[in-house]
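Chemist: just the structure for this:
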Amino acid sequence: MEKLRAEFAAKKDESTFDALKGTLSGAETSREELAKKLGMSEGALKVAVHRLRQRYREVLRAEIAETVNSPGDVDDEMRHLVAVLRSS
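Modeler: Residues are numbered from 1 along each chain as shown. Take a look at the predicted model:
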């Protein structure tokens, strides 16, 4: 999350990150309210959320890749992480 926030900060767009970060965990307000808050259409919001989630996956994969012995282990670790998060 810190890396994503830093990327948004570099673009001087931290308020957008703060508004969208709930979409990564499911703790979000309605899309209609969020779009209004950000001054976006719901379609533009949908694209922004998609891009944030995609970037989150990329950053997460890179972080996991730093903790495993071989690149082939990244997918296994990702699956394990998702399983742990779903069970909690």
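
Chemist: mind listing what's buried in the longest helix along the chain?
Modeler: Longest helix of the chain, by residue count under DSSP state H: helix 42-65. For helix 42-65, a neighbour-count test (16 or more other Cβ atoms under 10 Å) marks 45, 48-49, 52, 56, 60, 64 as buried. Bear in mind the C-beta positions are built from the backbone N, C-alpha and C, glycine included.

Chemist: and stretch 61-78, by the same measure?
Modeler: Buried-residue list, stretch 61-78, by 16+ other Cβ under 10 Å: 64, 74, 77.

Chemist: reformat those as CSV; add distance to A83 and pLDDT.
Modeler: Formatted as CSV, those follow (distance: Cβ to Cβ, whole Å; pLDDT from 0 to 100):
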residue, distance to A83, pLDDT
I64, 14, 93
V74, 15, 93
E77, 11, 93
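
Chemist: shaky segments in the protein?
Modeler: 28 (pLDDT under 70).

Chemist: mind redoing it with 80?
Modeler: Along the chain, the model assigns pLDDT under 80 to residues 26-29, 88.

Chemist: burial measure for the closest residue to R55 other than its chain neighbours, as a count.
Modeler: Excluding the flanking residues, the one nearest R55 by Cβ to Cβ, 6 or more residues apart in numbering is L4, at 6.5 Å. Close neighbours of L4, defined as other Cβ atoms under 10 Å, add up to 18.

Chemist: distance check, L60 against G72.
Modeler: Computed as Cβ to Cβ, to the nearest Å, the L60 to G72 distance reads 17 Å.

Chemist: how about the strands of this protein, start to end?
Modeler: For the chain, applying DSSP state E gives no strands.
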